[in-house]
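Participant: Okay, sequence plus prediction incoming.
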Amino acid sequence: MESAPGSFGNLYENVPHKLTEELFQVLVKTDNFIIERIVSTGQVSTEWYDQDEVEFCCVLKGAAELLFDASEKPMRMNPGAFVVIPAHVRHKVVYTDNAQPTVWLAMKWKK
């Protein structure tokens with residue numbers, strides 16, 4: 001089999017099952033764009049995120065709940081669920097599955 005040009009990987013390989021804190025792995029990065037794999041094993045946000053970038057976030061495996069500052073009820077995210085979070089929309093992760101790893105794919109860019 002020929003190797004692919006550029007980077008090659010598998011989002012489901014080497015997924016840790018217990019972490020003391022979330023794992024953030026940068027897959028692609030330019031001056032204005034980033035793609036990262038995030039692995040959570042029960043971690044939640046202690047602070048509100050307020051980012052300069054727009055973020056596309058998708059749960060590939062596991063489960064999570066996001067809470068937005070303007071909302072009273074968290075948004076449940078199961079595999080396949082995604083959200084686009086505009087810049088400076090305050091949000092936090094209030095739940096990630098602790099029985100199995102939650103694997104996220106996140107893309108961030110500046111408008």
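Facilitator: Looks like it arrived, so ask away. Numbers count the residues shown, from 1 in each chain.

Participant: helices and strands of this structure: which one has the lowest mean pLDDT?
Facilitator: Ranked by mean pLDDT, DSSP states H and E, the weakest helix or strand in the chain is strand 23-29, scoring a mean of 95.

Participant: Could you please name the strands the next helix or strand after that strand pairs with and the direction of each pair?
Facilitator: Sequence order places strand 33-40 as the next helix or strand after strand 23-29, per DSSP states H and E. Sheet pairing of strand 33-40 (DSSP bridges) gives strand 23-29 (antiparallel), strand 102-109 (antiparallel).

Participant: Could you pull out the buried residues of strand 33-40?
Facilitator: 34, 35, 36, 37, 38, 39, 40 (16 or more other C-beta atoms under 10 Å). For glycine as for every other residue, the C-beta is placed from the backbone atoms N, C-alpha and C.

Participant: pLDDT at residue 65, what is it?
Facilitator: Residue 65 is assigned 98 on the pLDDT scale.

Participant: That one bridge partners, please.
Facilitator: The partner list for residue 65 in beta bridges (DSSP bridges) reads residue 76, residue 95.

Participant: what's the distance between it and residue 25?
Facilitator: Per C-beta to C-beta, to the nearest Å, residue 65 is found 22 Å from residue 25.

Participant: Neighbour count for these two, which is higher?
Facilitator: Using other C-beta atoms under 10 Å, the more surrounded residue of residue 65 and residue 25 is residue 65, with 16 against 12.

Participant: from what I can see the more buried one touches residue 97, true?
Facilitator: No: taking C-beta atoms under 8 Å as the definition, residue 65 is not a contact partner of residue 97, at 9.9 Å.

Participant: can I get the CA coordinates of stretch 53-67 in CSV?
Facilitator: Listed next in CSV are the C-alpha coordinates belonging to stretch 53-67 (Å, rounded to 0.1, in the frame of the first residue of the first chain):
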residue,chain,number,x,y,z
GLU,A,53,-12.6,31.8,17.2
VAL,A,54,-15.7,30.2,15.7
GLU,A,55,-15.7,26.5,16.7
PHE,A,56,-17.2,23.4,15.0
CYS,A,57,-17.3,20.6,17.5
CYS,A,58,-18.5,17.0,16.9
VAL,A,59,-18.7,14.0,19.2
LEU,A,60,-17.4,10.9,17.4
LYS,A,61,-17.6,8.5,20.4
GLY,A,62,-19.0,8.7,23.9
ALA,A,63,-21.3,11.4,25.1
ALA,A,64,-21.1,15.0,26.4
GLU,A,65,-23.3,17.9,27.5
LEU,A,66,-22.6,21.5,26.7
LEU,A,67,-24.1,24.4,28.5
